[in-house]
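>>> quick one, fold the following:
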Amino acid sequence: MENQSSVTHFLLVGFTFSVELQFFLFVVFFAIYLLTVTANVAIIGLVRLDNRLHTPMYYLLSQLSFLEIWYTSSIAPNLLTNLAGWKYISFSGCLSQMYFYFSLGSTEFFLLGVMAIDRYLAICNPLRYQAIMNGQVCVQATAACWSVAFLSVFFLILLISRLTFCQPAIINHFFCDLPPLLKLSCQDTFVEEIIVFFFACSIILTSLLFTIVSYVYILSTIFKIPSTKGRQKAFSTCVSHFTVVTILYGTVIFIYVRPSVSYPMDVNKFMGVFNTVVTPLLNPLIYCLRNKEVKEALRKVMNTKRSQIDGITYITK
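As a prediction, the model looks like this:
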């Protein structure tokens, strides 16, 4: 029984604003959440409907969109209920939320690394690209991203679940995050902090290293292309992915890749909102605005729907 927590529920402080401001934030975040789900579902639908998008690059993009839906869904509903006034979460619910949040986040890092390698092969080794990045390899690579992430995070959450937490069980955040949760433990958490730190470093920095190395080779190859048009075309296939990588890694490294949990939590709340609510919406918008083929596919679908509506209207008249 000594490993069992004496706490059954946690109080999530969330944002301590006025009632009017919290209501305004509820409306804003609810709208962002709906837009995020809609935009990512639209990306998945476009990839499935348009034959021109049946390539490894867009298969990986659809996987990223699918992941973003669940990633933001693991946090956004809890944020909304917190703003609405319900600030409690059960101990098991807290562990479950952390498990899915970190599992999906780790999967995203692995997936972005695979997408960087895909761009490297497409630009630096185009003659063998189709043979290397075939459908089977894409499925195996994404399956490995999901399985490794979920399995590794399971052991991390198992370690955290064995800690003893004491009253008052107040988490200074809007969701169950590891740094504020470790502060509530009655035990010395030095070992757990070190494990969490090295876990974050191994996941984030390893995938970042693959991404950086891939882009070093990509840029060196692009600069060797003689024509300006060819360089622009090659670079355009990478700029969306590079933008997403920069935003995501910059935010997460600021929050987690640090040797101590004793840093201002209010700053992390705002960074957490950006990472879990805003970034999942930015990703599909960035790919739609910066990617010519996605914009053409979207335009094609919109024209088809418009023609169908015009045909129905004509028949009705």
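>>> surely residue 89 is in a strand?
Yes - using DSSP: H, G, I helix; E, B strand; the rest coil, the assignment for residue 89 is a strand.
>>> is it true that it touches residue 8?
No - under the criterion of Cβ atoms under 8 Å, residue 89 lies out of contact with residue 8, with a separation of 10.5 Å. The C-beta positions use only the backbone N, C-alpha and C, and glycine is treated the same way.
>>> neighbour-wise, which of those two wins?
Each of residue 89 and residue 8 has its neighbours counted (other Cβ atoms under 10 Å); residue 89 has more, 22 against 11.
>>> and the gap between that one and residue 167?
Residue 89 sits 15 Å away from residue 167, taking Cβ to Cβ, to the nearest Å as the criterion.
>>> cool, and residue 200?
When Cβ to Cβ is the yardstick, residue 200 and residue 167 sit 28 Å from each other.
>>> cool, residue 62 as well?
For residue 62, the distance to residue 167 equals 46 Å [Cβ to Cβ].
>>> the two: which is more packed in?
Taking residue 62 and residue 167 together and counting by other Cβ under 10 Å, residue 62 has the greater number of neighbours (18 against 9).
>>> secondary structure element for that one?
Element membership of residue 62, judged by DSSP states H and E, is helix 56-73.
>>> so for the host helix or strand of residue 38, mean pLDDT?
In this structure, residue 38 is located in helix 19-49 according to DSSP H and E. Per-residue pLDDT values over helix 19-49 give a mean of 93.
>>> residues of that helix that come out buried?
Buried residues in helix 19-49, defined by neighbour count with 16 or more other Cβ atoms under 10 Å: 22, 25-26, 29-30, 32-33, 36-37, 39-40, 42-44, 46-47.
>>> go on, stretch 221-237?
Residues 221-222, 234-235, 237 are the ones in stretch 221-237 that count as buried (16+ other Cβ under 10 Å).
>>> for the helix or strand where residue 216 lies, name the packing helices and strands.
Secondary-structure element containing residue 216, defined by DSSP H and E: helix 206-224. For helix 206-224, the contact count by 3 or more Cβ pairs under 8 Å, 6 or more residues apart in numbering; DSSP states H and E identifies helix 91-124, helix 228-256 as packing neighbours.
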